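K.L.:
no sequence on hand, only this structure:
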């Protein structure tokens, strides 16, 4: 896990600018920095690297890494590097390091871009062929590792973070107000339906994609992977066993490292399955970190304490009386987030990273992706019930009415009999609430329809558009600020393909959603956690970040002409003064987060 950046340009980059860039990259890679400069009489090629040592801590694995006519800068981990190494050795490749970097560059030498189909890992990388002067940049299937780029006629700039590109552009960047308006109106679920950043002409490389730039910098983007639905039918008798074994294998190869590891603990099945398997099967020492909520609505405290019993050490951030800490952390995040902070959960992740760094851990693991793979959200349950008649399964309907309905706040979810594409769009982007907060409101985002099956489609957009990409972006920048690599074992191509083979009716049984994962993980996870039907997750309220009652709250928001144009000031003030429950709403935080971004960059 590292920071990478590069520029292909007709100009020569001054030493002062190089030092400035490497200083920005230091957090992502505190264990060493290097760069390379090549000139082919047409362009100057600069590749920059800042290392966070995880595998083979020796300097021999330092980047930019050269082999034959290839130069590589790479951020991430190729988890199956040992298996690929064995395969490459059968083709007479020799290895001089213990790193996955050397495996990646030699895999590219052997198979070219087709090697991407063989990789199990998380990555963003750039590789230059010094014979043809073709450059490839790529990201992993789920987009776990970020990569941004800016392309003009005679210049390509790329980097792990937007501020690296801004630095190489001499900070000559302009706010992308179209993107900002989309976030303001439609919320965080909208921001990964395109690949624009919050700055004009700076884009994100799409996940599951490589972009080839020829010697004249002409681009060609190509997806190298897309998930397909299997033919519907009965569940193969061994599919649950396959899921169990693949989850174990994914965890096994993601535990590979030469440094200390930590784990994020929630009250849910996913993180507890990860911890349970790591402890009981692979005999890992479990140092876990968690959030204890001060809000009854957001509290997983009971189940977190249950899960912590198998951990060797546990540390908590108790949100009771931690307002000053969270406010300070939010302000700190504004210094390096070149975007509005999309969710309050992002502030909690940054706070956990700060605590984990104090204990000198370089890796942390989370259960991200388990809910999307295995139908862990209330919307998944509703989409399934929508296709049933009540008489077909009274247990599932009764479970919805008795267990889930009392916990639901979103009006679009309450009646399982009424749902269509329009309703789903309104649900995803909080349309009815947003109309009250914003002048001339209309949804600027339309949900992807990848599959006709509404449940599978919702799982897909959660994984590739609405939820997982948002958390991945935030976890990467928040944890890497503290020089910590974040790993998500559920984000595996093999687990994805197995999960999408499960017929919908077998995801729900005896009043439980997420049934296959509950069934396969019950020997590793506390029984009460397995049998808990409530979905909560890490969260907090905006009052833990800022004082919404203060005069400065409204004053700072309306410094910007952009927000004056769209935000209904009277309605916002009315909600703040008369209805404290709405301070949990995403709209209020969107407004506040947008104003913080604009106050810095306008």
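P.N.:
Cool, the structure landed. Everything numeric here is computed off the predicted structure, so don't read it as measured data.
K.L.:
can you tell me how far the residue nearest the centre of the chain is from residue 183?
P.N.:
The residue lying closest to the centre of the chain (CA atoms, centre = their mean) is residue 472, at 1.1 Å. Distance, residue 472 to residue 183, using CB to CB, to the nearest Å: 17 Å. Where you see a C-beta, it was placed from the backbone N, CA and C, and this is true even at glycine.
K.L.:
what's the pLDDT at residue 208?
P.N.:
pLDDT for residue 208: 98.
K.L.:
the helix or strand of the chain with the lowest mean pLDDT: how far from the chain's middle?
P.N.:
Within the chain, no helix or strand scores below helix 394-399, which has a mean of 78 by mean pLDDT, DSSP states H and E. Distance, stretch centre to chain centre, for helix 394-399: 34 Å (CA atoms, centre = their mean, to the nearest Å).
K.L.:
for it, packing partners?
P.N.:
Here helix 394-399 touches helix 378-385, going by 3 or more CB pairs under 8 Å, 6 or more residues apart in numbering; DSSP states H and E.
K.L.:
how many residues are close by the nearest residue in space to residue 343 that is not next to it in sequence?
P.N.:
In space, and not counting its chain neighbours, residue 343 is closest to residue 188: 5.5 Å by CB to CB, 6 or more residues apart in numbering. Counted with other CB atoms under 10 Å, residues neighbouring residue 188 total 24.
K.L.:
mind checking pLDDT for residue 188?
P.N.:
On the pLDDT scale, residue 188 is placed at 96.
K.L.:
and residue 9, what is it in contact with?
P.N.:
43, 44, 46, 154, 155, 156, 157 (CB atoms under 8 Å, 6 or more residues apart in numbering).
K.L.:
report the two of those separated the most.
P.N.:
Spatial extent of these (CB to CB) is set by the pair 46 and 154 at 14.4 Å.
K.L.:
more neighbours: those two, which one.
P.N.:
residue 46 (23 against 13).
K.L.:
element containing that one?
P.N.:
Here residue 46 sits within strand 44-51, counting by DSSP states H and E.
K.L.:
check which helices and strands that strand sits against.
P.N.:
If you count contacts as 3+ CB pairs under 8 Å, 6+ apart, strand 44-51 packs onto strand 2-9, helix 15-25, strand 33-39, strand 70-78, strand 121-129.
K.L.:
hmm, which of the contacts of residue 9 is lowest in pLDDT?
P.N.:
Here the lowest pLDDT out of the contacts of residue 9 sits on residue 154, with 92.
K.L.:
isn't that one right up against residue 42?
P.N.:
No - Residue 154 is not in contact with residue 42 according to CB atoms under 8 Å; the separation is 9.4 Å.
K.L.:
low-confidence regions, the stretch 101-250 of the chain specifically.
P.N.:
The stretch 101-250 of the chain contains residues with pLDDT under 70 at 231-237.
K.L.:
burial count for the closest residue to residue 429 other than its chain neighbours?
P.N.:
Nearest residue to residue 429 in three dimensions, chain neighbours excluded: residue 186, at 4.1 Å (CB to CB, 6+ apart). Residue 186 has 24 neighbouring residues, counting by other CB under 10 Å.
K.L.:
got it, and residue 201?
P.N.:
For residue 201, using other CB under 10 Å, the count is 16.
K.L.:
shared neighbours of residue 154 and residue 42, anything?
P.N.:
Common contacts of residue 154 and residue 42 (CB under 8 Å, 6+ apart): residue 10.
K.L.:
ok, which stretches of the stretch 101-250 of the chain are strands?
P.N.:
For the stretch 101-250 of the chain, strands defined by DSSP state E, counting those that start in this stretch occupy the ranges 121-129, 135-139, 148-152, 155-159, 203-204, 209-213, 219-223.
K.L.:
residue 255 is nearest to which of those?
P.N.:
Using CB to CB, the strands of the stretch 101-250 of the chain put strand 121-129 closest to residue 255, at 13.5 Å.
K.L.:
centre of the chain to that closest one, how far?
P.N.:
Centroid separation between strand 121-129 and its chain, computed with CA atoms, centre = their mean, is 18 Å.
K.L.:
and the contacts of that strand?
P.N.:
By CB under 8 Å, 6+ apart, strand 121-129 touches 4, 6, 38, 45, 47, 69-81, 100, 104-105, 108, 134-140, 142, 144-147, 158, 160, 205, 487-488, 491.
K.L.:
now it against strand 155-159, angle please.
P.N.:
Counting by axes from the mean of the first three to the mean of the last three CA atoms, to 10 degrees, strand 121-129 lies at 150 degrees to strand 155-159.
K.L.:
now strand 121-129 and strand 44-51, what's the angle there?
P.N.:
Going by the same axes, to 10 degrees, strand 121-129 makes 150 degrees with strand 44-51.
K.L.:
what's the end-to-end length of stretch 180-198?
P.N.:
Stretch 180-198 stretches 6 Å from its first residue to its last (CA to CA, to the nearest Å).
K.L.:
buried ones in that stretch?
P.N.:
Buried residues in stretch 180-198, counted by 16 or more other CB atoms under 10 Å: 180-193, 196-198.
K.L.:
low-confidence regions, the stretch 401-550 of the chain specifically.
P.N.:
Residue ranges of the stretch 401-550 of the chain with pLDDT under 70: 409-412, 414-418, 420, 537-538.
K.L.:
which parts of it are strands?
P.N.:
Secondary structure of the stretch 401-550 of the chain by DSSP E, counting those that start in this stretch: the strands cover 485-487.
K.L.:
helices along that one, start to end?
P.N.:
421-429, 431-437, 454-461, 468-481, 493-499, 515-521, 527-530 (DSSP state H, counting those that start in this stretch).
K.L.:
ok, which of the ones you listed comes nearest residue 62?
P.N.:
Ranking the helices of the stretch 401-550 of the chain by proximity to residue 62 (CB to CB) places helix 468-481 first, at 18.4 Å.
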